[in-house]
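Colleague: the sequence isn't on hand, but the structure is:
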């Protein structure tokens, strides 16, 4: 069946980049407003106007550069920091001494912090430490001496930028861990699905060839022996290391990316419920009795097929372990909130501890073909067996979540 690829993107960086874009625009307008309100404090207003014209054009022209980590290159960061440092260094040549001594703002004012934050979001706390230290040195040069307010502002920018850079690094690591966890979960679910399909088809055929070959003898016995060896090898592969379709987890500009391969919703995957009775009817035979309600038992298609397949797996176990002469009964109960299907046989039953031993040997008939299917549907499978009195398997599927969980 054809498959489709669903892409999941997870990123805490994208909101930070968007916030940084808005911050740069607002602080640029704020710096221009400060200049206009303190115009008389400037000895060389022409130089300041030229700088603010450059700052205005640079801020708006570089907005696409601060949209994500890929666009925010090292060269852009270097030029952006140079624009901020130039404004700081130019301040003493533009304003009067009273403006500097009173602790007035530099030409770029708090716009400078946006440049430092870009370093923090792009490269983490080490890049933030470099950029904030450079800005600190430029502020000290502009003031001429380490005044208290200057030192306060320098430490504030330094600590804040490093903290944000560190948080970004932790968030990136968390994204990669979450992406890997989702990838492993998807791979596990795919492996279980393939294990069920293989058990329902290939492994059953190989086991039958092995048994019939041993009975017939001659060349058929050799063929049966080879089939038995392949059955053991395939069971080991399925239970221990079956590799599903590749899932990719990446760390791109848009965050961690997880690609999950899933089954498409074709015509048979429509939301029109199907009658479970029509899927169970083929199981009725001379030694298999089917008791069902007189009215349809509607279930979503995927849930109905999986439930019917679990019933088939239970009957396969009856034929395999109870013998061809064993009788089996299928009882279908349509409750208001759930559907219950019970498969009972009159075989010798299952010895205590046998199921755990079989699962350890890679025999997944109960573990995957029955319990695994019901777990994926949001239901449950209960097995009751008394040695000498047969086995009863009760399969329960909730109507409300069966379809949704089966497509997950």
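Modeller: Received it, and whenever you're ready, just let me know what you need. Just so you know, these numbers come straight off a predicted model, no measurement behind them.

Colleague: assign the residue nearest to the spatial centre of the chain to helix, strand or coil.
Modeller: Nearest to the geometric centre of the chain sits residue 182, at 3.7 Å (C-alpha atoms, centre = their mean). What DSSP: H, G, I helix; E, B strand; the rest coil gives for residue 182 is helix.

Colleague: from residue 188, how far off is it?
Modeller: With distances taken as C-beta to C-beta, to the nearest Å, residue 182 is found 11 Å from residue 188. (Each C-beta comes from the backbone N, C-alpha and C, glycine too.)

Colleague: quick one, helices of the stretch 51-200 of the chain?
Modeller: Assigned by DSSP state H, counting those that start in this stretch, the helices in the stretch 51-200 of the chain fall at 74-94, 97-101, 111-123, 125-143, 148-198.

Colleague: so which of those is the most packed in?
Modeller: helix 111-123 (a mean of 25; mean count of other C-beta atoms under 10 Å).

Colleague: that one packs against which elements?
Modeller: For helix 111-123, the packing partners by 3 or more C-beta pairs under 8 Å, 6 or more residues apart in numbering; DSSP states H and E come out as helix 13-37, helix 74-94, helix 125-143, helix 148-198.

Colleague: how about those helices in a markdown table, adding distance to residue 347 and mean pLDDT?
Modeller: A markdown table is the format used below for those (distance: least, C-beta to C-beta, whole Å; pLDDT from 0 to 100):
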| stretch | distance to residue 347 | mean pLDDT |
| --- | --- | --- |
| helix 13-37 | 60 | 89 |
| helix 74-94 | 72 | 91 |
| helix 125-143 | 67 | 87 |
| helix 148-198 | 23 | 76 |
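
Colleague: I'd like those helices as CSV, with distance to residue 227 appended.
Modeller: Shown next, in CSV, are those (distance: least, C-beta to C-beta, whole Å):
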stretch, distance to residue 227
helix 13-37, 55
helix 74-94, 62
helix 125-143, 61
helix 148-198, 14
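
Colleague: nearest to residue 301, of the ones you listed?
Modeller: Residue 301 sits nearest to helix 148-198 of all the helices and strands packed on helix 111-123, at 16.1 Å, using C-beta to C-beta.

Colleague: ok, then the element right after the closest one?
Modeller: Remark: after helix 148-198, the chain's next helix or strand is helix 204-216, criterion DSSP states H and E.

Colleague: distance from the chain centre to that following helix, please.
Modeller: 43 Å (C-alpha atoms, centre = their mean, to the nearest Å).

Colleague: tell me the mean pLDDT over that helix?
Modeller: Mean per-residue pLDDT for helix 204-216: 73.

Colleague: between that helix and helix 148-198, how big is the angle?
Modeller: 30 degrees (axes from the mean of the first three to the mean of the last three C-alpha atoms, to 10 degrees).

Colleague: for helix 204-216, packing partners?
Modeller: Going by 3+ C-beta pairs under 8 Å, 6+ apart, helix 204-216 lies up against helix 219-240.

Colleague: dump the helices of the stretch 51-200 of the chain into TSV; add distance to residue 386 as well.
Modeller: TSV is the format used below for the helices of the stretch 51-200 of the chain (distance: least, C-beta to C-beta, whole Å):
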stretch	distance to residue 386
helix 74-94	73
helix 97-101	94
helix 111-123	65
helix 125-143	65
helix 148-198	27
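
Colleague: residue 57 is nearest to which of those helices?
Modeller: For these, the distance to residue 57 is smallest for helix 74-94, at 10.5 Å, taking C-beta to C-beta.

Colleague: which secondary structure elements does that closest one sit against?
Modeller: Other elements packing on helix 74-94 under the criterion 3+ C-beta pairs under 8 Å, 6+ apart are helix 45-61, helix 111-123, helix 125-143.

Colleague: chain center to that helix, what's the gap?
Modeller: Centroid displacement of helix 74-94 relative to its chain, using C-alpha atoms, centre = their mean, is 42 Å.

Colleague: thinking again about what came up before, residue 211 is nearest to which of the helices and strands packed on helix 111-123?
Modeller: Nearest of the helices and strands packed on helix 111-123 (C-beta to C-beta): helix 148-198, 18.4 Å.
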